[in-house]
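A.B. asks: Here is the input, now give the coordinates:
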Amino acid sequence: MKKLLFFFGIFLTTLTTTAQEAYKFTTEIDLETTPVISQGRTGTCWSFSTSSFLESEIIRLTGKKIDLSEMYTVRNTYPKKAENFVMRQGKAQFSEGGLAHDVINSVRAYGLVPQEAYSGLIASEEKHNHAELVTVLQSMLETYIDNPAQQLSPKWKKAVSSVLDVYLGSNPSTFQYEGKSYTPQSFLKMTKLIPDDYASITSFTHAPFYSKFILNIPDNWSNGSFYNVPLDEMMATIVHALENGFTVELDCDVSERSFSSKDGVAVIPEDSKNTIKALQGVYPERSITQAYRQAEFENYNTTDDHLMHITGIVRDQNGTKYYKVKNSWGTDEKRNANGGYVYFSEAYMKLKAISIMVHKDAVPKNTSKKLAL
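C.D. replies: The predicted structure is shown next:
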């Protein structure tokens, strides 16, 4: 009996020392932002996340909390996508996807409007669903491209605009907000946002560091340029921004099994056998080097499939740093933990962050000088 108790005691001790603790997070930095909302059944995370980023910028700049219209930007970006697709004779990306600079480009050209002035929802609609809209637009554009014998008339642009008006609504030229009349451009001026104040930064070795280059990823249909810096400097920029009151826009890969909005964490376990278990408890993580990041990008294991908004830093019970990242998939507790936020580990961010966007003042001085910002 004593031997049995002795071995049972050893068994319990083994369980205690090998079982992983559930995550226990404490907040270190939590910058102010607007509530988590859902992008619905659309591929417009680029507009939802960047609009959230700009909303935090407006709070920082003016103290005002403004719910910006994501669909106003979408409505004004589709004609640009369509023109690019048609003029390249279909040899270009035409999809719901986009990047943060597409929002900045739209803001520069068309200004901003609040959600109450343009919802992108028609009649009794309550949720965004662009499946039919995209199918109709794609079919129209492919018809134009597939009939080269007929001269393309200027009417096609008006046709695209009409379809967008039917599904999303026509652009407002003036609107009322808090008792004042605005145009999209005067509203932009009121927010104090300056589109040219924002920089997109990435980290890859196939282009020279401290230069700008066009990042060849599918959703970069508008051929936007990115500043290229070493990985450590990109990570230092994120931390420096957060520590100084600036939130950060993020383009990342969420296709990994170790990313889970349901569990609210994104990690890169050192042992792939722990991939699923690491969603519920702390496991050692892989060390991410610049070379490994590059290899995973070039073999397509890292792809740009989602944009999100970094708003803070949390730490687990071991003091390990995670980034608090705002998602746009809603707050349903069955699908989204942490009120719609996902906590990215340092390893996950190093490996799976395609790029970031920040205010130029958020970039550390040594990096800013090298980039001539």
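
A.B. asks: what helices or strands is the longest strand along the chain leaning on?
C.D. replies: For the chain, the strand with the greatest residue count under DSSP state E is strand 306-315. When contacts are defined as 3 or more Cβ pairs under 8 Å, 6 or more residues apart in numbering; DSSP states H and E, strand 306-315 sits against strand 26-30, helix 45-62, helix 231-243, strand 248-252, strand 321-326, strand 341-345. For the C-beta atoms, the positions are set from N, CA and C on the backbone; glycine is no exception.

A.B. asks: got the buried residues for it?
C.D. replies: Buried residues in strand 306-315, counted by 16 or more other Cβ atoms under 10 Å: 306-314.

A.B. asks: Would you reformat the helices and strands packed on strand 306-315 as TSV and include mean pLDDT?
C.D. replies: Converted to TSV, these look like this (pLDDT from 0 to 100):
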stretch	mean pLDDT
strand 26-30	98
helix 45-62	98
helix 231-243	98
strand 248-252	98
strand 321-326	98
strand 341-345	98
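
A.B. asks: does residue 288 really touch residue 268, like I thought?
C.D. replies: Yes. If you go by Cβ atoms under 8 Å, residue 288 and residue 268 touch, sitting 6.8 Å apart.

A.B. asks: how much space between the nearest residue to residue 47 once chain neighbours are set aside and residue 257?
C.D. replies: Closest residue in space to residue 47, ignoring its immediate chain neighbours: residue 70 at 4.4 Å, by Cβ to Cβ, 6 or more residues apart in numbering. Note on residue 70: its distance to residue 257, by Cβ to Cβ, to the nearest Å, is 29 Å.

A.B. asks: who has more neighbours, the two?
C.D. replies: Taking other Cβ atoms under 10 Å, residue 70 and residue 257 do not tie; residue 70 has more neighbours (27 against 10).

A.B. asks: residues in contact with the more buried one?
C.D. replies: 39, 44, 47-48, 51, 115, 120 (Cβ atoms under 8 Å, 6 or more residues apart in numbering).

A.B. asks: thinking again about what came up before, just the closest of the buried residues of strand 306-315 to residue 223, please.
C.D. replies: residue 307 (17.5 Å; Cβ to Cβ).

A.B. asks: Do I have it right that that closest one meets residue 253?
C.D. replies: No. Distance between residue 307 and residue 253: 11.0 Å, which falls outside the contact criterion (Cβ under 8 Å).

A.B. asks: which stretches of the stretch 151-300 of the chain form strands?
C.D. replies: Along the stretch 151-300 of the chain, counting by DSSP state E, counting those that start in this stretch, strands occupy 175-177, 180-182, 198-202, 211-214, 225-228, 248-252, 259-260, 265-266.

A.B. asks: out of the ones you listed, which comes closest to residue 346?
C.D. replies: strand 265-266 (10.8 Å).

A.B. asks: next one: phi and psi at the closest residue to residue 233 other than its chain neighbours?
C.D. replies: Closest residue to residue 233 apart from its sequence neighbours, by Cβ to Cβ, 6+ apart: residue 367 at 5.1 Å. Backbone geometry at residue 367, expressed as degrees, to the nearest 10, gives phi -70, psi -40.

A.B. asks: so who does the most centrally placed residue in the chain touch?
C.D. replies: Nearest to the geometric centre of the chain sits residue 307, at 1.7 Å (Cα atoms, centre = their mean). Residue 307 makes contact with 45-46, 48-50, 99-100, 249-252 under the criterion Cβ under 8 Å, 6+ apart.

A.B. asks: farthest pair in these?
C.D. replies: 48 and 252 (14.2 Å).

A.B. asks: related to what we said a few turns ago, how near is the residue nearest to residue 233 to residue 67?
C.D. replies: 33 Å.

A.B. asks: Look at those two and report which has more neighbours.
C.D. replies: residue 367 (19 against 14).

A.B. asks: could you list every residue that touches that one?
C.D. replies: 229, 233, 236-237.

A.B. asks: out of the residues you listed, which is most surrounded?
C.D. replies: Going by other Cβ under 10 Å, residue 237 tops those with 24 neighbours.

A.B. asks: quick one: that one and residue 357 touch, right?
C.D. replies: No. Counting by Cβ under 8 Å, residue 237 does not reach residue 357; the two are 10.5 Å apart.

A.B. asks: Give me the common contacts of these two.
C.D. replies: Contacts common to residue 237 and residue 357, judged by Cβ under 8 Å, 6+ apart, are 201, 248.

A.B. asks: if we can go back for a sec, mean neighbour count for the strands of the stretch 151-300 of the chain - can I get that in JSON lines?
C.D. replies: Output for the strands of the stretch 151-300 of the chain, formatted as JSON lines (neighbours: other Cβ atoms under 10 Å):
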{"stretch": "strand 175-177", "mean neighbour count": "14"}
{"stretch": "strand 180-182", "mean neighbour count": "14"}
{"stretch": "strand 198-202", "mean neighbour count": "22"}
{"stretch": "strand 211-214", "mean neighbour count": "14"}
{"stretch": "strand 225-228", "mean neighbour count": "22"}
{"stretch": "strand 248-252", "mean neighbour count": "28"}
{"stretch": "strand 259-260", "mean neighbour count": "20"}
{"stretch": "strand 265-266", "mean neighbour count": "26"}
